[in-house]
Structure formats: C-alpha cells, structure tokens
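1. Predicted coordinates and the sequence they were generated for:
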Amino acid sequence: MQDHRFDFVVDGTPEEVWDVIWARTRTGIETDKVKIEIYHQGDEEGNGLVRHCYFPVPRYLLSGGRAQSWEWITEAQRPQSWRYDAIGKPLWSKASGWTRLEDLGEGRTRVYFRETYEVFNPLMRVLLEKRVHDFISKDNDRLIEASLHASLRKLHAAAGPA
C-alpha cells in the first residue's frame with residue numbers, strides 16, 4: 001500500500017479554506033488532463049458527494065493513458081476535515097484521502113493531506129503500484145497548494161480592505 005502525506009500553510013481561516021475548496025469540489029473540473037463530474041452533491045457539509053474522475057496514467061497500462069475513479073466523500077465536518085474513498089481502474093485499486101484543516105490563528109491555516117492507494121491484484125501491486133501512484137501523484141502537492149493560495153488571494157481581493 002502507498003501512503004502519501006503532505007501539509008502546507010495558507011493565509012486564510014479554516015472557514016475560508018473550506019469554502020474555497022468546496023466551491024470547486026461541488027462544481028466539477030475540466031482541464032486538458034483531468035475531468036471530474038459530480039453525480040451527487042451530498043448534504044450541506046458534503047457528506048455523500050459522488051464524483052467520477054478521469055486522469056492521466058502511464059501508457060504501459062494499455063488504457064490510452066487515461067484512468068477513471070469513482071469517489072465519494074465521507075466524514076465531512078465543516079470547517080475541520082473530510083475523507084474520500086475511491087475505486088479506480090485500469091489498475092483496479094482503492095484509495096482513501098483525508099484532508100484536515102488546523103487553525104493557526106491570525107487568519108492562517110495549516111492544510112494536512114494524506115492519501116493511501118492499494119492495487120487489488122497482488123502481482124500488479126508488487127510490479128506496478130508504486131510506479132503508477134507516483135505517476136498519478138507527481139504534481140498533486142504543488143498544484144493543490146498553488147491553486148489554494150491563488151483562490152484565497154482572489155477571495156481576499158474581492159472582499160476588499162479589511
């Protein structure tokens with residue numbers, strides 16, 4: 001099983017961080033590499049949200065360089081934390097991710113992220129699990145942090161001077 005963790009600090013309260021992330025999470029995403037469709041919005045905190053994701057994987061998996069996952073949000077507690085669970089293919093696998101927001105005071109928040117990833121087939125787990133997870137995750141830390149910083153700057157600029 002792969003277990004990846006990272007954390008970073010942003011200028012924003014946990015409530016602002018939550019609202020920025022969840023505004024994007026509930027609308028879906030489409031870029032040249034990733035597509036996320038929202039099938040069910042879940043409750044007011046996001047519990048029960050269901051999404052279908054398409055993303056790049058190595059071509060040697062013989063899927064045209066594309067993978068899919070079906071993900072659902074559980075254990076969402078605004079503005080503190082949430083968890084997702086997922087099933088993915090072409091390397092039939094399961095993943096879980098946890099995000100936790102820690103209030104550092106003075107309008108700053110530490111964002112903690114953890115994801116586990118496990119391929120079902122024992123042989124494919126040994127041969128490909130780490131390589132595929134590294135490929136899928138290689139830019140996630142940088143992109144997530146940069147996107148959150150940019151979104152919080154826009155939020156604060158729109159709010160005007162305090």
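-> Looks like it came in fine. Residues are numbered from 1 along each chain as shown.
2. show me where the chain has helices.
-> 14-25, 122-137, 140-159 (DSSP state H).
3. how near is the residue nearest to the spatial centre of the chain to A86?
-> Residue closest to the mean C-alpha point of the chain, counted by C-alpha atoms, centre = their mean, is G97 at 7.2 Å. With distances taken as C-beta to C-beta, to the nearest Å, G97 is found 8 Å from A86. No exception for glycine: its C-beta is placed from N, CA and C like everyone else's.
4. and the helices of the chain, which is most packed in?
-> Each of the helices of the chain was scored by mean neighbour count; the highest is helix 14-25, a mean of 19, by mean count of other C-beta atoms under 10 Å.
5. angle of that helix against helix 140-159?
-> Orientation check (axes from the mean of the first three to the mean of the last three C-alpha atoms, to 10 degrees): helix 14-25 against helix 140-159 gives 110 degrees.
6. distance between helix 14-25 and the chain's centre?
-> Computed by C-alpha atoms, centre = their mean, to the nearest Å, the chain-centroid distance of helix 14-25 equals 12 Å.
7. before we move on, the earlier item: the residue nearest to the centre of the chain reaches Y84, doesn't it?
-> Yes. Using C-beta atoms under 8 Å, G97 is in contact with Y84, at 4.9 Å.
8. residue ranges with poor pLDDT in the chain?
-> Where the chain drops to pLDDT under 70, the residues are 162.
9. Turn the helices of the chain into TSV, columns for distance to R51.
-> Formatted as TSV, those follow (distance: least, C-beta to C-beta, whole Å):
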stretch	distance to R51
helix 14-25	8
helix 122-137	16
helix 140-159	16
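10. Can you say which of those helices is nearest to Q80?
-> Shortest distance between Q80 and the helices of the chain, using C-beta to C-beta, is found for helix 14-25: 6.9 Å.
11. okay, the closest one in CSV with CA atoms only?
-> Extracted in CSV, the C-alpha atoms of helix 14-25 (Å, rounded to 0.1, in the frame of the first residue of the first chain):
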residue,chain,number,x,y,z
PRO,A,14,-10.3,27.3,8.1
GLU,A,15,-13.8,28.6,7.1
GLU,A,16,-12.3,30.4,4.1
VAL,A,17,-10.2,27.4,3.1
TRP,A,18,-13.2,25.1,3.4
ASP,A,19,-15.4,27.4,1.3
VAL,A,20,-12.8,27.9,-1.4
ILE,A,21,-12.1,24.1,-1.7
TRP,A,22,-15.8,23.1,-1.5
ALA,A,23,-17.0,25.7,-4.0
ARG,A,24,-14.6,24.0,-6.5
THR,A,25,-15.3,20.4,-5.3
